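Engineer: sequence first, then the predicted structure:
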Amino acid sequence: MVLRLLQKEIPSIHGAAFLIGAAGLLSRILGVVRDRLLAAHFGASRALDVYYASFQIPDLLFTVFLIGAASAAIIPLFLQYDKENPQKAQLLIGGLLTLFSLGAAVVALLAFFAAPLLVRFIAPGFSAAEHDVMQQMTRIMMLSPIFLGVSNILSSVMQAKRQFIAFALTGIVYNIGIIAGVVFLVPFFGFIGLAAGVVLGAFLHMTIQIPVLIKIRFWPLFRGWSQMPGLKSVFALSLPRVFALSINQLIVIVLVSLGSFLSAGSIAIFQFSNNLRYLPIGIIGVSYAIAVFPRLTSAALKNSKEVFYEDISAMVETILFWIIPLAFFTVVLRAYIVRAALGAGYFNWDDTRLTAAVLAILAIAMIGECLTPLFIRAFYALGNTKLPFLVSLMTASVVISSAPFLLSLFVRHRLSGRFMAGLLKVGDLPGAPVLGLAMALALGTLIESILLGVGLTFHMKKFFHGSVKNGLFLAIFRIILAAGISSTFCYGVLNFVSAWVSDSHLWGVLVRVLVPFIVSALLYCWMMYIMGSEEVRSVIATFRQKLFRGAMPPTTLDQQGDSSVR
C-alpha cells in the first residue's frame, strides 16, 4: 500500500510543485526541529561553529561529484533516450552509477587523508583542539557526499518518470537521520554522534528511492565503457554547472573562514539564519523549478516558443506571488520567528537578536534567490550551461571581494557599521560583525539572480528567434504593492498583539508570529484577488480539484500526448 502510493505518477505541474513544496515544508519543519535541538543542546557556541565548519569539505566534494550526478544535466538526455529506446536510458544510468561510485570513492579517500591540512585551510581561526575535533567529524561525514551523489542519479530517474512522491521524501528522511543523531547518537558517542547522524541521513536519502525503482521496473544496466551511451554528454553538460556550484561552495568556505576569526558562535548564528531564510526558497523556488523542468526541456526540444515563454512567465509570477510577501513578513517578524524556531535551552536572547538581525538581511535576498533555480534550469533546458557559470564566477568575485570590507565596517566600528547594527538592534553586542558576512552573501545572491534573469531573457530571444509579449511587469508591480501594504499592516498587528500577549512562553511567541502573519496574509490575498491575480484563483482551483489528476487545464504539450514528459 505504501509502495503503491510512493509509485504514483504526478502529471500536473501545479500538483507536482505542490507535492514537492508540501514535502519540502515538512522537511524544512524537521530542519527547524533539528536546528532547535542543536541550539538547545549547544547554544550559539564554538562547538556548533566546529560542527558547521566540518560540513564544508564534504559539501565541496558533493558539489564536485555532481559532474556525474547533476539532475539538470541527466534529465534532458534521459528523456531523449527513454523516448528513443528505454534500454539506452538504462545503460546511461548504469554507466553513471558505475563511474560515479569509483570516482567518488577515490576522491573521498584522498580527502580523508588530507583532512588535517584541509581543516586548517577551512577554519584558520580555530584552536588546535578545535581543529582535531573538526578533523574527526569531517572524516566521518566524508561518506555522506557518496550516498547523496548516488541518490542524485536515482532522483533524476524519479523526476523524469514523474515519481515525485519518492523524490519529495528524500529531504524528509535526510533530516530524520540528523535528528536521530542528535537525540540518540550524541548521548552515546558525544559530539561526534552529530557527524554519524549526517551520514545516516544521507544513507536514508539514497535508499528510500530504491524500492520505487524496483516497483516501476527500472533496472540500470551495467556494460563495458564502450556500450554506455551519453556519459560524455552528461559530463559536458554538467561540468560548467559543477564549476558554478563549486564557486558557490567556495563562497561559503570563504565566509566560514572569515567567521572562524569572529566571536564564538558567529558561524552557528550565520548558519541558523541561513537555514531559516532557505525554508521558503526550498519550498517555493526549488519546488516549482523541479516541477516545471521536464516541461521546459520538452518545449525546448520541440522549439515550442509559446509554451516555453508561457511556462517561464507563469512560474516567475507564481514564485514572486509567494516569496515577496514572505520576505517582507520575515523582516517584520524576524525576532519572534527566531525565538519560535530556536529559542530553547542554551540559545539565549543575545543569540536570538543576532540571528534575527542576520535573517533580516538575508530575507531581502530570498526574493531573487527563489528565482535562481528556475532560471538555471531554464538555461539547462535550452542547452546553455556556460552563462550560469560565468554569472556564478562574477557573483563569487563580488562576495569574496566585498566580504572583508563589509566585515571591517563592524569590526572597526565604522559609522556605517554602527548605523546598520543599531538599525537592526544589535549595536551593543560583540557578535555584530557577523552582519558583514550576511551583507556580502545577500549582495552576491541578488546580483546573481538579476544577471541570470537578464541573461535568460536575451538567450530565449536568440534561441526562439523572437520574444513573446506578456504582462509580467504589471503583475510584479501588483505583488510588490500588495506585499508592501500588508507588511505595514503586519507591523501594526504585531504591536497590538504584543501589548496583550506575553512572550515569556513558547505559546505566546507563536501567537505573536502567527496572528500578525495570518491576518496580513489574508489581507495580501484579498488585495491580489481584487486586483485580478490569477495566482489566487489558481490556488483555489488547485485545492478544489483532485490534485493528482491534473490541476491545470491541458496545454499544447498535454494535448499532443508528449510521452517524453510523462
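Structural biologist: Received it, and whenever you're ready, just let me know what you need. Bear in mind the structure is a predicted one, so any value in this text is a computation, not a measurement. Residues are numbered from 1 along each chain as shown.

Engineer: just give the number of residues close to residue 120.
Structural biologist: Using other CB atoms under 10 Å, residue 120 has 14 neighbouring residues. Quick note: C-beta positions are derived from backbone N, CA and C, even for glycine.

Engineer: also residue 31?
Structural biologist: Count around residue 31 with other CB under 10 Å applied: 23.

Engineer: one more: the one 4 residues further on?
Structural biologist: Other residues within reach of residue 35, judged by other CB under 10 Å, total 22.

Engineer: beyond whichever strand or helix holds it, next helix or strand please.
Structural biologist: Element membership of residue 35 [criterion: DSSP states H and E] is helix 13-42. Using DSSP H and E, the next helix or strand after helix 13-42 towards the C-terminus is helix 46-54.

Engineer: just the CA coordinates for that next one, please, in PDB.
Structural biologist: Provided in PDB are the C-alpha atoms of helix 46-54 (Å, rounded to 0.1, in the frame of the first residue of the first chain):
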ATOM      1  CA  ARG A  46      32.200  27.400  19.300                       C
ATOM      2  CA  ALA A  47      31.100  23.700  19.400                       C
ATOM      3  CA  LEU A  48      28.500  24.400  16.700                       C
ATOM      4  CA  ASP A  49      30.900  26.500  14.800                       C
ATOM      5  CA  VAL A  50      33.100  23.400  14.500                       C
ATOM      6  CA  TYR A  51      30.100  21.300  13.500                       C
ATOM      7  CA  TYR A  52      29.100  23.600  10.700                       C
ATOM      8  CA  ALA A  53      32.700  24.100   9.600                       C
ATOM      9  CA  SER A  54      33.000  20.300   9.300                       C
END
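
Engineer: other SSEs contacting the helix or strand just after it?
Structural biologist: Counting by DSSP H and E, the next helix or strand C-terminal to helix 46-54 is helix 56-65. Packed against helix 56-65 by the contact rule (3 or more CB pairs under 8 Å, 6 or more residues apart in numbering; DSSP states H and E) you find helix 86-122, helix 128-141, helix 143-160, helix 231-259.

Engineer: now the third one: mean pLDDT?
Structural biologist: Think helix 143-160. Average pLDDT, helix 143-160: 88.

Engineer: residues making contact with the helix or strand just after it?
Structural biologist: Where DSSP H and E defines the elements, the next helix or strand beyond helix 143-160 is helix 164-180. Residues from elsewhere that reach helix 164-180 (CB atoms under 8 Å, 6 or more residues apart in numbering): 5-8, 10, 16, 19-20, 22-24, 26-27, 30-31, 33-34, 37, 151, 155, 158-159, 194, 197-205, 208-209, 212, 282, 290-291.

Engineer: poorly predicted segments of the stretch 451-566 of the chain, please.
Structural biologist: Applying pLDDT under 70 to the stretch 451-566 of the chain flags residues 467-471, 538-566.

Engineer: ranges for the helices of it?
Structural biologist: Listed in chain order, the helices of the stretch 451-566 of the chain (DSSP state H, counting those that start in this stretch) span 472-500, 506-530, 534-544, 556-559.

Engineer: tell me the angle of the first one relative to helix 506-530?
Structural biologist: In this structure, helix 472-500 runs at an angle of 150 degrees to helix 506-530, with axes from the mean of the first three to the mean of the last three CA atoms, to 10 degrees as the basis.

Engineer: report the secondary structure state of residue 429.
Structural biologist: Here residue 429 is recorded as coil under DSSP: H, G, I helix; E, B strand; the rest coil.

Engineer: one step back: now the helices of the stretch 451-566 of the chain in TSV, with distance to residue 112 and mean neighbour count?
Structural biologist: Shown next, in TSV, are the helices of the stretch 451-566 of the chain (distance: least, CB to CB, whole Å; neighbours: other CB atoms under 10 Å):
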stretch	distance to residue 112	mean neighbour count
helix 472-500	48	16
helix 506-530	42	18
helix 534-544	48	14
helix 556-559	47	14
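
Engineer: closest to residue 133 out of these?
Structural biologist: Nearest of the helices of the stretch 451-566 of the chain to residue 133, taken as CB to CB: helix 506-530 at 31.8 Å.

Engineer: what packs against that closest one?
Structural biologist: Helices and strands touching helix 506-530, as assessed by 3+ CB pairs under 8 Å, 6+ apart, comprise helix 305-342, helix 472-500, helix 534-544.

Engineer: tell me how many other residues surround residue 315.
Structural biologist: Counted with other CB under 10 Å, residues neighbouring residue 315 total 24.

Engineer: I figured residue 161 hits residue 216, correct?
Structural biologist: Yes: counting by CB atoms under 8 Å, residue 161 touches residue 216, with 6.3 Å between them.

Engineer: neighbour-wise, which of these two wins?
Structural biologist: Between residue 161 and residue 216, counting by other CB under 10 Å, residue 161 is the more crowded of the two (22 against 16).

Engineer: any idea how far that one is from residue 297?
Structural biologist: 14 Å (CB to CB, to the nearest Å).

Engineer: ok, residue 151 next?
Structural biologist: Distance from residue 151 to residue 297, counting by CB to CB: 21 Å.

Engineer: just to revisit the earlier point, please identify the deepest-packed of the helices and strands packed on helix 56-65.
Structural biologist: Mean neighbours per residue, mean count of other CB atoms under 10 Å, is largest over the helices and strands packed on helix 56-65 for helix 143-160, with a mean of 24.

Engineer: can you check what angle separates it from helix 86-122?
Structural biologist: Orientation check (the same axes, to 10 degrees): helix 143-160 against helix 86-122 gives 150 degrees.

Engineer: quick thing: my sequence starts at 50, can you match it?
Structural biologist: From this message on, residue numbering opens at 50, which makes the last subject helix 192-209.

Engineer: same for helix 192-209, what does it pack against?
Structural biologist: Looks like helix 192-209 contacts helix 105-114, helix 120-133, helix 135-171, helix 213-229, helix 242-256, helix 259-264, helix 336-350 (3+ CB pairs under 8 Å, 6+ apart).

Engineer: so what's the gap between whatever helix or strand comes next after the fourth one and the chain middle?
Structural biologist: Same thing as helix 213-229. Moving toward the C-terminus from helix 213-229, the next helix or strand (DSSP H and E) is helix 235-238. Its chain's C-alpha centre and that of helix 235-238 lie 30 Å apart, by CA atoms, centre = their mean, to the nearest Å.

Engineer: what sits against the most centrally placed residue in the chain?
Structural biologist: Centroid-nearest residue in the chain: residue 331, 4.4 Å away (criterion: CA atoms, centre = their mean). In this structure, residue 331 makes contact with 73, 76-77, 220, judged by CB under 8 Å, 6+ apart.

Engineer: which pair in those spans the largest distance?
Structural biologist: Spatially, the most separated pair among the contacts of residue 331 is 77 and 220, at 8.2 Å (CB to CB).

Engineer: where are the low-confidence patches of the stretch 250-399 of the chain?
Structural biologist: Across the stretch 250-399 of the chain, the ranges flagged by pLDDT under 70 are 270-278.

Engineer: rerun at 80
Structural biologist: Low-confidence segments of the stretch 250-399 of the chain, defined by pLDDT under 80: 264-282, 284-290, 293-294, 331-332, 336, 339.
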